[in-house]
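Asker: below is the structure, and that's it, no one-letter string:
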DNA sequence: CCATACTGATTGACGTGTCAACTAGACTGA
DNA sequence: TCAGTCTAGTTGACACGTCAATCAGTATGG
């Protein structure tokens, strides 16, 4: 049984949706970058480390916590380490393992980034929508996510 | 006057939203890639060229048509040219100018990609939502876009 | 006429992501 | 015990994006 293709109206909704979200993400990322020197990825990693006991995590646990692939995380950690935001530390025990440790500079950067970040989210996202629309967004996210393969 | 920060519920909506859309985009892109060998960027460029008179456009016009920065387009065209999907051609007149011309291979690739692409959009996006939700998405996209700086 | 500014387009450097391959230690079962 | 496998993590190659610089050709004003 052949299944229908999207109508042109449905396709337009899709394209507008994707383009808008991409633009939105770009604007938020740009503000974060210029106001705090951190990328969204940096922020995500630093948030997870900040909340971790001893502000340290094993890479795999960190990857799970933020939902990243290990290789992506490894590359990102390399860049963050070069900038002194985090540090890698050996682990006595299972010597495959390692730790990612929050550095002072990372902690400082994170703390000075949180208000600008939250402000950007409010201004560009929350303030753009009515409370009803915000609820709708939550439902729509859930529906889309549940409809994705795997999860 | 100090303005409020997002509540944790609002923040959760934001994060779920961004993560879901990113995942969705990734899945659609992955399907397009494996089923047709084209990236979303390739598809966008090929679509614009296909619809252009003589299936050729000046880079600047192409950039405007698809809403890309010229430098991004230039890099992407370089990659597409290497694969034989498009070709660059000089322009007699204003010799700064140039043309991007759709190659046979590009045309073929595009035409064999359109059904898989549309199918993926239907399955992963349209089918996941009720008609009301789809309407809501359109309204929300518009609200978010209108709230962005510049536009 | 010519210095200057503008326009079209490309380039290089670099951050970011994915995929596949690799290293290396730890586990497991015949 | 030791081959096979699993787990943790890194690496290299490459696609994609942004930014700033560059280049060449066109237009403009004194």
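Answerer: Perfect, I can see it now. Remember, it's a predicted structure, so these values are computed and weren't measured experimentally.
Asker: neighbours of whichever residue of chain A sits closest to DNA strand C, how many?
Answerer: When you check chain A against DNA strand C by Cβ to the nearest atom of the strand, the closest residue turns out to be residue A:39, at 2.9 Å. All C-beta atoms are positioned from the backbone trio N, CA, C, and that covers glycine. When neighbours are defined as other Cβ atoms under 10 Å in any protein chain shown, residue A:39 has 15 of them.
Asker: okay, it: pLDDT?
Answerer: Among the per-residue scores, residue A:39 shows a pLDDT of 97.
Asker: got it, and residue A:63?
Answerer: Residue A:63 carries a pLDDT value of 97.
Asker: same question for residue A:149.
Answerer: Predicted confidence (pLDDT) for residue A:149: 88.
Asker: what sits against it?
Answerer: Each residue near residue A:149 by Cβ atoms under 8 Å, 6 or more residues apart in numbering or on different chains is listed here: residue B:27.
Asker: surely it is within a helix?
Answerer: No. With DSSP: H, G, I helix; E, B strand; the rest coil as the criterion, residue A:149 is coil rather than part of a helix.
Asker: for the residue nearest to the spatial centre of chain A, what are its contacts?
Answerer: In chain A, the residue lying closest to the centroid (Cα atoms, centre = their mean) is residue A:44, at 5.0 Å. Contact partners of residue A:44, counting by Cβ under 8 Å, 6+ apart, are residue A:66.
Asker: which of the helices or strands spans it?
Answerer: Under DSSP states H and E, the secondary-structure element containing residue A:44 is helix A:40-51.
Asker: still on that earlier bit, I'd say the residue of chain A closest to DNA strand C and residue A:33 touch.
Answerer: Yes. The pair residue A:39 and residue A:33 qualifies as a contact (Cβ atoms under 8 Å) at a distance of 6.2 Å.
Asker: separation between residue A:14 and DNA strand D?
Answerer: 16 Å (Cβ to the nearest atom of the strand, to the nearest Å).
Asker: what are the ranges of the strands in chain A?
Answerer: In chain A, the strands defined using DSSP state E lie at A:56-57, A:86-90, A:98-102.
Asker: quick one, which of these is nearest to chain B?
Answerer: With Cβ to the nearest Cβ as the criterion, chain B lies closest to strand A:56-57 of these, at 18.8 Å.
Asker: tell me the helices and strands packed up against the closest one.
Answerer: Taking 3 or more Cβ pairs under 8 Å, 6 or more residues apart in numbering or on different chains; DSSP states H and E as contact, the helices and strands that strand A:56-57 lies on are helix A:40-51, strand A:98-102.
Asker: what sits against residue A:81?
Answerer: Residues touching residue A:81, when contacts are defined by Cβ under 8 Å, 6+ apart, comprise A:87-88.
Asker: and the helix or strand bottoming out on mean pLDDT in chain A, how far out from the chain middle?
Answerer: Every helix and strand in chain A was compared by mean pLDDT, DSSP states H and E; the lowest is strand A:86-90, with a mean of 92. Once both centres are worked out by Cα atoms, centre = their mean, to the nearest Å, strand A:86-90 turns out to sit 21 Å from its chain's centre.
Asker: quick one: residues in contact with that strand.
Answerer: Counting by Cβ under 8 Å, 6+ apart, strand A:86-90 makes contact with A:45-46, A:49, A:56, A:77, A:80-81, A:98-103, A:106, all of which sit outside it.
Asker: that strand near DNA strand D at all?
Answerer: Yes. Using Cβ under 7 Å from any atom of the strand as the criterion, contacts between strand A:86-90 and DNA strand D involve residue A:88.
Asker: pLDDT score for residue A:115?
Answerer: Residue A:115 is assigned a predicted lDDT (pLDDT) of 96.
Asker: now the one 10 residues further on
Answerer: We note a pLDDT of 97 for residue A:125 in this prediction.
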